[in-house]
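Student: task: produce atomic coordinates for the following.
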Amino acid sequence: ALIQSIQVNPKIPDAVVGDHDAGEAAIEHRAMLGRETAVLVQQYVLGDVARIVVVGTNVVAAEAICSEGGNTTFKPYDGNSSALADLGATVISRLGSGVYAIEVVESDAGPVVVGASNLVDFRTLNEAGVDIAGKIAEFTLSQSREAQDGS
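Tutor: Numbering: from 1, shown residues only. Take a look at the predicted model:
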């Protein structure tokens with residue numbers, strides 16, 4: 001399991017524990033010494049990591065997330081993009097429309113969503129030929145028109 005403080009970068013776990021007793025001890029230690037009352041405990045899933053990019057109610061791209069030497073880079077996704085698109089549609093049905101990224105670990109049992117966050121870095125999408133800024137602008141303008149029509 002991963003143990004993380006709610007107030008730090010969720011991509012960087014504070015502890016990786018292998019069993020229940022070690023996890024309980026780590027949480028108790030943090031509560032007693034660090035005065036933390038909220039931690040995130042999450043199953044640790046091994047596999048390649050991908051990012052699904054959502055604009056509006058559409059999956060517009062998928063990228064592989066690569067980490068080397070503490071640096072994170074995004075590269076064009078070359079796996080089964082239809083499985084990621086299906087998973088993205090399921091997440092969109094739960095979270096709704098917006099501009100965000102869904103992080104997925106591709107485990108042996110299939111893709112697992114490990115996070116969703118604001119889309120703050122999309123330079124690599126533009127470099128790959130995805131007009132992400134244009135798609136975001138179109139979505140924003142459509143939301144503005146809907147708000148005006150509804151008032």
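
Student: C-alpha only now, for contacts and for neighbours.
Tutor: OK.

Student: center of this structure, which residue is that?
Tutor: Taking C-alpha atoms, centre = their mean, the centroid of the chain lies closest to Glu103, which sits 2.9 Å from it.

Student: for the chain, which helix is longest?
Tutor: When the chain is parsed with DSSP state H, its longest helix is helix 132-150.

Student: which residues sit against that one?
Tutor: When contacts are defined by C-alpha atoms under 8 Å, 6 or more residues apart in numbering, helix 132-150 is touched by residues Val55, Gly56, Val60, Val99, Phe122, Leu125, Asn126.

Student: repeat for stretch 99-109
Tutor: 45-56, 88, 111-119, 136.

Student: looking at the residues you listed, which are in strands?
Tutor: Of the positions in the contacts of stretch 99-109, 48-56, 111-118 sit in strands, assigned by DSSP state E.

Student: quick one: buried ones out of these?
Tutor: 49-56, 111-114, 116 (16 or more other C-alpha atoms under 10 Å).

Student: pick the one among these closest to Glu28.
Tutor: Checking these against Glu28 by C-alpha to C-alpha gives Val114 as the nearest, at 24.3 Å.

Student: residues in contact with that closest one?
Tutor: Contacts of Val114 by C-alpha under 8 Å, 6+ apart are Ile102, Glu103, Val104, Val105.

Student: and the third one, how many neighbours?
Tutor: In this case it means Val104. By the criterion of other C-alpha atoms under 10 Å, Val104 has 25 neighbours.

Student: pairing partners for the strand or helix carrying it, with directions?
Tutor: Element membership of Val104 [criterion: DSSP states H and E] is strand 98-107. Here strand 98-107 has these sheet partners by DSSP bridges: strand 48-56 (antiparallel), strand 110-118 (antiparallel).
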